[in-house]
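Asker: Here you go, sequence then predicted model.
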Amino acid sequence: MTIEAAVQAVLGGMPSPLDLHRAEVDGEVLVAVGSTVLFRYAAGDSGLRNVAAVTLTELGFTGRRVAQVLGITEVYVSRLRTRARTEGSAGLLPPRGRPSALRPADLRRARAWRAAGHPDTMIAERLGVHATTVGRALAGDPRPDAAGNELEQDTLLVIEPGAADEPDTDVLQSASEVLVSDTDVALRVPEPEQSGPVTGPGLAGVFTGSARITTGSHLCRYAGAMLMHPFLHLVGAEAIFGSLTGAPARCYDDLAVLTTATLGFALGIDTVEGSKHLRRAEAGAAVGLTMVPELATLRARLAALADGSDPLGLQRAFGAGMLAADPATDPVYFVDDHFVPYSGARPVGKGWNTKRRHAQPGQDDTMLVDARGRAVVFGSGEPSGLVTTLPGVLTQLRQVLGSDAKILLGFDRGGAFPSALRACRQAGAGWVTYRRAPLVQATVPPRRSWTVRDGHRISVMLADEIVELKDYGSARQLTLFEDATAILQVLTSDLTATGASLLCWLRARWRIENTFKYAVEHNGIDRLADYCMELGPDTRKVTNPARVAARKTVKAAEANMITAERALPQMLAGPATPKQMNAALPKLHQQIQITTRALEQAKTDLRPIPAKVAATDLDPGAQRARPRLERRGLQMVLRLLAFNAEAWLAEHFNAYLTDPNEYRAILRHLLRLGGQIDYTTTAITVTLDRPDSPRVARALTRLAEELNSLGASLPGDRRTLTYQLTAAQVQTTTQPLLAEV
């Protein structure tokens, strides 16, 4: 029976809807009415299934029954009928996957831009799509330049004549029209004879990246952050950054990348990922760029620079430059550990988190600051303790200051161990710290000692004496008395300074705690910079469970022996008769001998068992994750550079503001002060918006005059920076005219 005959039979006398049924045999679907098969198609052929659904509804079967038989929803059946009416058979099987976001004209432009060396990120932003969309659309096109991923939106599109693989003229013409017409990004297409580095008075040989600003005026909401450039100029940031080498780049040179990250940390971004919240064009104007690198470029370039660098050496160079430009008045330096927690799943070593008061995975940063709270050197590693990390940072400090400089190292009780004190002595440095509890009795009567701090005379009662420390030798001990009661004791190797001066210096140790607190909150020094870690065998020493069990055996044997020895006098003092006592004595003596021998054997078994063993001895598969510290170390250098720049600027600003309570908060607000930046061929003029507060405006004006006298410049730029404020607005009032009576 043919399909036409079956249709005629159905139309002639419509059977019951229950006669419509479906069967699947050997991967084929059969749709029949009674014994008449109407449709046969493969089980995975959704196109023919949709045709069957529309046809059955046209034959008079209800949409609900058709949906039940074909295994689809009633709503989908209704949708198929609508598509068949509006689009015909093409609507019954729409194309799968996400529709293409690129039109043919966009695709031609994208090919032209890639042929010119532009990265996919730049092309995607120009077309308003994601970079992966461009990558999929141009999957078969070659990339002409391996370093093209470093180009950004402000790269010049230069077409050299006579190229062997020169693209089509029409395509290049359309690409040029798009680039020139898009004025908000300021992309330029120069003539071939005009391509090359921009030169001019004071500019020749300066710019190494095409993203550098040559001339022009730029509005910038981060103009206040440019106040930190004089500090970078004083410490020699350009020369220090120049010692780093990363991947080849044509748009953003290494100085631009490092300066951008430093500016971001100064503005308060916790991680590099926070740079995506900055206005790229306005932040670029603050560092001499038409636009700062986007997040992907910034992250990749910082990683490439860090992998081939020595972050601790960079910090030593910055510390030496800072102390050379602005020497420390006191030879006192403070050192302490800062725990950085880790909440990931890798088997990272555990340390003691002093904030939460419990042990957790993480790492330790050991920082050393001067008496003014400026970070000088630091060290990073697995959690260990100040006793372990102190010699390393002390060696770095000696490299920064030189072999003859006087050093008085102040630290808390956490480092007051003979090993740390000996390390200070071997490095030729003095030390001052609190004595660990309990306090010892002073052997000399207290006497009054005084010193002068900030113009004020400070007087205290101290018992000054020389004591012997175990495993170290002679040291000076100062016992502070209040109301004839000793409240604390200070140990030091300094025998010349007055006791009051040493006590005041040690009390100033809180400056390093304030440094940690401020840098964590505003510069993100405890943020994770990279997830790359090295997994290796866990070779650390852990408690030996065999020795723990052996010690338990010794304690049990001691308890048994004590019980046996106690039973003898208890029996003799008991109510038993002499005959009963004589009968029980041999057994009690025997029990004492047995327990004594058992105790001796347990102690003998305990002696050869080590207290600590390697973790791999207990579990051969034990692993330990060790973070790669280079990338985080480089970011730590940039964070501390931003912190020191702000601290230096705040000190000079407060010299005119004279507000010791709020000057840091006011300065942080000024870092985001807006303004206009004018770039000429010989100078860069920063015009800052005038603050609303008259006293802040006066202090900022005087600070700008001081900074102008330094003759500073941007890293990688020879043009002199000049700071000024917008003119004050004169408010005029009009007196109302009185009507004549």
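Answerer: Yep, that arrived.
Asker: Helix or strand for residue 458, just tell me which one.
Answerer: Using DSSP states H and E, residue 458 maps to strand 456-469.
Asker: May I have the helix or strand just after that strand exported as CSV, CA atoms only?
Answerer: On the C-terminal side of strand 456-469, the closest following helix or strand by DSSP H and E is strand 473-482. Extracted in CSV, the C-alpha atoms of strand 473-482 (Å, rounded to 0.1, in the frame of the first residue of the first chain):
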residue,chain,number,x,y,z
GLY,A,473,77.2,35.4,76.2
SER,A,474,77.1,38.8,77.9
ALA,A,475,74.2,41.2,77.0
ARG,A,476,72.8,44.4,78.5
GLN,A,477,69.5,44.1,80.4
LEU,A,478,67.2,47.0,81.1
THR,A,479,64.4,46.5,83.6
LEU,A,480,61.6,49.1,83.4
PHE,A,481,60.0,50.0,86.8
GLU,A,482,56.7,51.7,87.4
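Asker: Please identify the buried residues of strand 473-482?
Answerer: 475, 476, 477, 478, 479, 480, 481 (16 or more other C-beta atoms under 10 Å). Just so you know, the C-beta spots here come from the backbone N, C-alpha and C atoms, and that holds for glycine as well.
Asker: now do stretch 234-247
Answerer: 234, 235, 236, 237, 238, 240, 241, 244, 246, 247.
Asker: Filter the residues you listed down to just the ones in strands.
Answerer: Nothing among the buried residues of stretch 234-247 maps onto strands, per DSSP state E.
Asker: least confident pick among those?
Answerer: Within the buried residues of stretch 234-247, pLDDT reaches its minimum at residue 247, with 64.
Asker: Following element in sequence after the helix or strand of the chain with the lowest mean pLDDT, please.
Answerer: For the chain, counting by mean pLDDT, DSSP states H and E, helix 169-181 ranks last in confidence among helices and strands (a mean of 36). Per DSSP H and E, the first helix or strand lying C-terminal to helix 169-181 is strand 216-220.
Asker: Paired strands for that next one, with orientation please.
Answerer: strand 675-679 (antiparallel) (DSSP bridges).
Asker: picking up where we left off before, can you redo the buried residues of stretch 234-247 as CSV with distance to residue 403?
Answerer: Putting the buried residues of stretch 234-247 into CSV (distance: C-beta to C-beta, whole Å) gives the following:
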residue, distance to residue 403
234, 25
235, 22
236, 22
237, 26
238, 28
240, 22
241, 27
244, 27
246, 34
247, 38
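Asker: from the residues you listed, which is closest to residue 88?
Answerer: Nearest to residue 88 among the buried residues of stretch 234-247: residue 247, at 54.7 Å, using C-beta to C-beta.
Asker: For residue 429, give me the pLDDT.
Answerer: If you check residue 429, the pLDDT there is 92.
Asker: got any ranges where the chain has weak pLDDT?
Answerer: Residue ranges of the chain with pLDDT under 70: 1-18, 94-101, 140, 142-209, 247-250, 729-741.
Asker: Apply 50 and report the result again.
Answerer: By pLDDT under 50, the weakly predicted segments of the chain are 1-6, 11, 145-207, 733-735, 737-741.
Asker: Would you mind measuring from the residue lying farthest from the centre of it to residue 573?
Answerer: Most distant residue from the mean C-alpha position of the chain: residue 579, 84.4 Å away (C-alpha atoms, centre = their mean). Here the criterion is C-beta to C-beta, to the nearest Å. By it, residue 579 lies 17 Å from residue 573.
Asker: what's the closest non-adjacent residue to residue 722?
Answerer: residue 685 (4.8 Å; C-beta to C-beta, 6 or more residues apart in numbering).
Asker: Packing partners of the helix or strand the one you found falls within?
Answerer: Per DSSP H and E: residue 685 is located in strand 683-688. Judged by 3 or more C-beta pairs under 8 Å, 6 or more residues apart in numbering; DSSP states H and E, the packing partners of strand 683-688 are strand 675-679, strand 720-725.
Asker: now with 10 Å?
Answerer: Contacts defined by 3 or more C-beta pairs under 10 Å, 6 or more residues apart in numbering; DSSP states H and E place strand 683-688 against strand 216-220, helix 280-286, strand 675-679, helix 694-708, strand 720-725.
Asker: out of the ones you listed, deepest packed?
Answerer: Of all those, helix 280-286 has the most neighbours on average by mean count of other C-beta atoms under 10 Å, namely a mean of 23.
Asker: That one - contacts with which helices or strands?
Answerer: By 3+ C-beta pairs under 10 Å, 6+ apart, helix 280-286 packs against strand 216-220, helix 254-266, strand 675-679, strand 683-688.
Asker: ok, and what's touching the first one?
Answerer: In this structure, residues lying in contact with strand 216-220 by C-beta atoms under 10 Å, 6 or more residues apart in numbering are 186, 226, 279, 281-286, 290, 673-680, 685-688.
Asker: what's the answer for the third one, then?
Answerer: If you take C-beta under 10 Å, 6+ apart as the criterion, strand 675-679 is touched by 212-224, 226, 282, 285-286, 288, 684-690, 714, 717, 719, 721-726.
Asker: what about it, distance to the chain center?
Answerer: Distance, stretch centre to chain centre, for strand 675-679: 31 Å (C-alpha atoms, centre = their mean, to the nearest Å).
Asker: Cool, thanks, signing off.
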